[in-house]
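*Asks:* Structure here, sequence nowhere to be found:
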């Protein structure tokens, strides 16, 4: 009899365990302390405007000088010039000079002579050819650069009549 009572009690406990007494609830936790942060905004780089490329002929076989001029809303540290010839690209910031600043717009110039071109690209080619030139505005040390303003410098034999388009 004792055994039957124990089995009955065990059965009753099993039935009680199968009944849904507790309904599921959502739990949330909030922290009493508030956090603060400061967000700094920067101007997005933009493609240089009013850009020109002007070649200056030099009467020596294949030698060429050219001058770049452009405007940007970003300061000098955010400007660079890429020059490519025969699959070799050189990035330059050393030739870039601030020409003027008016109302938050900077105007820059960069003048390249043959010696500078040859040193940048490590070329021994003095007979002219085609150079791809890109003026780029962006953030140094990052890949965040605007679409470049590009030119093609065609240096012809003797450097006479060279074009930059």
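*Replies:* Yep, it's here. Here the structure is a predicted model, which means the values were calculated and not measured.

*Asks:* separation between residue 72 and residue 39?
*Replies:* To residue 39, residue 72 is 24 Å away according to CB to CB, to the nearest Å. The way it works is simple: take the backbone N, C-alpha and C, and place the C-beta from them, glycine included.

*Asks:* Neighbour count: the two, which is higher?
*Replies:* Neighbours per residue, other CB atoms under 10 Å: of residue 72 and residue 39, the larger number sits with residue 72, 25 against 4.

*Asks:* hey, what's the more buried one bridged with?
*Replies:* Using DSSP bridges, the bridge partners assigned to residue 72 are residue 106.

*Asks:* which residues touch it?
*Replies:* Residues near residue 72 by CB atoms under 8 Å, 6 or more residues apart in numbering: 46, 48-49, 78-79, 105-106, 108, 137.

*Asks:* ok, the closest residue to residue 68 other than its chain neighbours - how many residues close by?
*Replies:* For residue 68, ignoring the flanking residues on the chain, the nearest one in space by CB to CB, 6 or more residues apart in numbering is residue 110 at 4.6 Å. Here the number of neighbours of residue 110 (other CB under 10 Å) works out to 24.
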